[in-house]
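S.K.: model this:
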Amino acid sequence: MRGLFTRQAFTGFGPSLLSPTGAAAPLYAVRGKRPSRLRAGVRLECPKLPGVYGMLNEAGELIYVGKAKCLRTRLLSYFRTKSRDAKAGRILKDACVVAWEPAHGEFAALLRELELIRRWQPRFNVHGQPNRRRRTYVCVGREPAAYLFLSPRPPGTAFAGFGPVPGGETAREAVRRLNDWYRLRDCPQAQKMTFADQGELFPLVRSFGCLRHDIGACLGPCAAACTRGDYAAAMYSAVRFLEGDDISPLETLERDMRAAAAAEAFKRAAALRDKWTVLHWLRGHLQRLREAIRRSCVYPAPGRDGSRDHWHLIHNGRVRAVVPAPRDDAGRTAAAAALTAVYRNAVSSPPGPDEIDGVLLVAAWFRRHPAEKERTLEPAAALALCGSTGSTPLGVLEIQ
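M.R.: You can find the predicted model right below:
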């Protein structure tokens, strides 16, 4: 059975998708069947530089990829039996080869680590693995009476999709509460919808498909209790909440919760608090994601010696390209061409499921290093620094 699921043999990390030249960086490695041999090799040969590293087992399979601000310090920590965590011990137990690749800075090492995890999918890595972490989109759709539902990917028939957000019970509860708040249906698709303004030659008295209309949690489009316009207005109100334009549900719940607590109706206050908590959780995730996606800038990330010799071109929260900071006419020409390719007439678009890890990585970096935001450049300003030798005249750059 084992032969049916063999992994790709490791022959090197391979070229970086973000490398200015597209060539593979030099790879260094030490071998040893015993941890003591690996430790001696790392201590002798590994540099004190930022970069990425990998652990290979006896079969030549890449079992783990990591990044380090200082490769030598990080790799030697694996051999400290008293201070390392249990996972590091398990990785080292299987490892026969330690390989590393220096990077021109910590930010570049983070990007390279994510790229390698997605490319090689090492079994000891969790973060960054495709389909390893459950994420879901909050979708609006399914005619004739649209409502909110969760999906791993927004279907083509959805009116709108928001996210992704962490999948799980909290996301399901938040969507259920929103459907209740805006009185949208959540019944099976097989349930027939009949609106009040839907002309019928012989109107019938219809029964509701569930109890949600009776408790005020649904407009009742299944039994002609509302018009198409009324239902559409409720649906668009839900969309406005998801877009961050309307926070009235949170304000109303908080006001009612405080009033219930003041009246010592603690049971009701607790129920309102539970509703407020999940909606606030959802709004917070979507708000942070919107802010990350809106980030379009040129980031001269710090290098090994503190110099900022590489420009990272970030659009819609994702690093699209890396170019050397322009120092001469040839560098300015190359940088201008890259800026034009990334930003000219660029249209904002939500990240796909395969891109979200990169967006979150960039957002987390600026969250941990807030001072670095001041170092970023507007794309048009970066193009201006390239001078008149750039391949695109100034002012042509348009970002929508």
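S.K.: in stretch 330-337, what's buried?
M.R.: Along stretch 330-337, these residues count as buried under the neighbour rule (16 or more other CB atoms under 10 Å): Arg332, Thr333, Ala334, Ala335, Ala336. Quick note: C-beta positions are derived from backbone N, CA and C, even for glycine.
S.K.: outline the domain layout of the chain.
M.R.: Domain assignment for the chain by automatic domain parsing gives 2-120, 135-281, 297-389.
S.K.: enumerate every residue touching Leu116.
M.R.: Phe13, Val52, Gly54, Val65 (CB atoms under 8 Å, 6 or more residues apart in numbering).
S.K.: just the ones of the buried residues of stretch 330-337 in helices?
M.R.: With helices identified by DSSP state H, the entries of the buried residues of stretch 330-337 that belong to them are Arg332, Thr333, Ala334, Ala335, Ala336.
S.K.: closest to Gly41 among the residues you listed?
M.R.: Distance to Gly41, by CB to CB, is smallest for Ala334 among those, at 38.0 Å.
S.K.: ok, now which ones touch the closest one?
M.R.: Counting by CB under 8 Å, 6+ apart, Ala334 makes contact with Val323, Pro324, Pro326.
S.K.: out of these, which sit inside strands?
M.R.: With strands defined by DSSP state E, the entries of the contacts of Ala334 inside them are Val323, Pro324.
S.K.: out of the domains of the chain, which is closest to Arg290?
M.R.: Distances from Arg290 to each of those were compared using CB to CB; the minimum, 6.4 Å, belongs to domain 135-281.
S.K.: can you dump the C-alpha coordinates of the lengthiest strand in the chain into PDB?
M.R.: The longest strand of the chain (DSSP E) is strand 158-166. What follows is the C-alpha trace of strand 158-166 in PDB, where atoms were taken according to Å, rounded to 0.1, in the frame of the first residue of the first chain:
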ATOM      1  CA  ALA A 158     -24.100  33.100  -5.900                       C
ATOM      2  CA  PHE A 159     -25.100  36.800  -5.900                       C
ATOM      3  CA  ALA A 160     -22.100  37.700  -3.700                       C
ATOM      4  CA  GLY A 161     -19.400  36.000  -1.600                       C
ATOM      5  CA  PHE A 162     -17.500  37.200   1.400                       C
ATOM      6  CA  GLY A 163     -14.400  35.800   3.000                       C
ATOM      7  CA  PRO A 164     -13.000  33.400   3.500                       C
ATOM      8  CA  VAL A 165     -13.400  33.100   7.200                       C
ATOM      9  CA  PRO A 166     -12.400  30.200   9.500                       C
END
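S.K.: show the pLDDT at the residue nearest the centre of the chain.
M.R.: With the centre of the chain defined as its mean C-alpha position, the nearest residue by CA atoms, centre = their mean is Ile356, 2.9 Å away. Model confidence at Ile356, given as pLDDT, is 87.
S.K.: would you confirm that it contacts Tyr137?
M.R.: No: because the distance of 10.1 Å does not satisfy CB atoms under 8 Å, Ile356 is recorded as not touching Tyr137.
S.K.: intersection of neighbour lists for those two?
M.R.: Joint contacts of Ile356 and Tyr137 (CB under 8 Å, 6+ apart) are Pro164.
S.K.: which residue ranges of the stretch 201-350 of the chain form strands?
M.R.: In the stretch 201-350 of the chain, the strands defined using DSSP state E, counting those that start in this stretch lie at 297-301, 310-315, 318-324.
S.K.: I'd like these as CSV, with mean neighbour count appended.
M.R.: Rendered in CSV, the data for the strands of the stretch 201-350 of the chain read as follows (neighbours: other CB atoms under 10 Å):
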stretch, mean neighbour count
strand 297-301, 22
strand 310-315, 22
strand 318-324, 19
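S.K.: out of those strands, which is closest to Ile215?
M.R.: strand 318-324 (44.1 Å).
S.K.: partner strands of the closest one, parallel or antiparallel?
M.R.: According to DSSP bridges, strand 318-324 forms sheet pairs with strand 310-315 (antiparallel).
S.K.: what does the partner strand contact?
M.R.: 18, 20, 104-105, 107-108, 111, 295-301, 303, 319-325, 335, 338-339, 342-343, 346, 362, 376, 379, 382, 399.
S.K.: any low-confidence regions in the protein?
M.R.: Low-confidence segments of the chain, defined by pLDDT under 70: 1-8, 20-22, 128-133, 198-206, 345-350, 388-400.
S.K.: pull out the buried residues from the longest helix anywhere in it.
M.R.: What stands out as the longest helix in the chain, according to DSSP H, is helix 266-293. Within helix 266-293, the residues scored as buried using 16+ other CB under 10 Å are 269, 272, 275-276, 278-283, 285-286, 289, 292-293.
S.K.: which one of those is nearest to Arg308?
M.R.: Taking CB to CB as the measure, Ala292 is the one of the buried residues of helix 266-293 closest to Arg308, at 22.0 Å.
S.K.: distance of that closest one relative to Leu211?
M.R.: 40 Å (CB to CB, to the nearest Å).
S.K.: check Ile91 too.
M.R.: The span separating Ile91 from Leu211 equals 54 Å under the rule CB to CB.
S.K.: now Gly387
M.R.: Taking CB to CB as the measure, Gly387 and Leu211 are separated by 70 Å.
S.K.: can you check Glu355 too?
M.R.: If you measure Glu355 against Leu211 using CB to CB, the figure is 42 Å.
S.K.: looking at the two, which is more packed in?
M.R.: Under the neighbour definition other CB atoms under 10 Å, Glu355 and Leu211 were set side by side, and Glu355 has more, 15 against 9.
S.K.: does the more buried one touch Arg318 like I think?
M.R.: Yes: with the criterion set as CB under 8 Å, Glu355 and Arg318 qualify as a contacting pair; they are 5.9 Å apart.
S.K.: common neighbours of the two, please.
M.R.: Common neighbours of Glu355 and Arg318 (CB under 8 Å, 6+ apart) do not exist.
S.K.: between the contacts of Ala334, which is nearest Asn125?
M.R.: The nearest member of those to Asn125, counting by CB to CB, is Val323 at 28.7 Å.
S.K.: tell me which residues touch the closest one, please.
M.R.: The neighbours of Val323, taking CB under 8 Å, 6+ apart as the test, are Pro20, His310, Trp311, Leu313, Ala334, Ala335, Ala338.
S.K.: that one bridge partners, please.
M.R.: Counting by DSSP bridges, Val323 forms beta bridges with Trp311.
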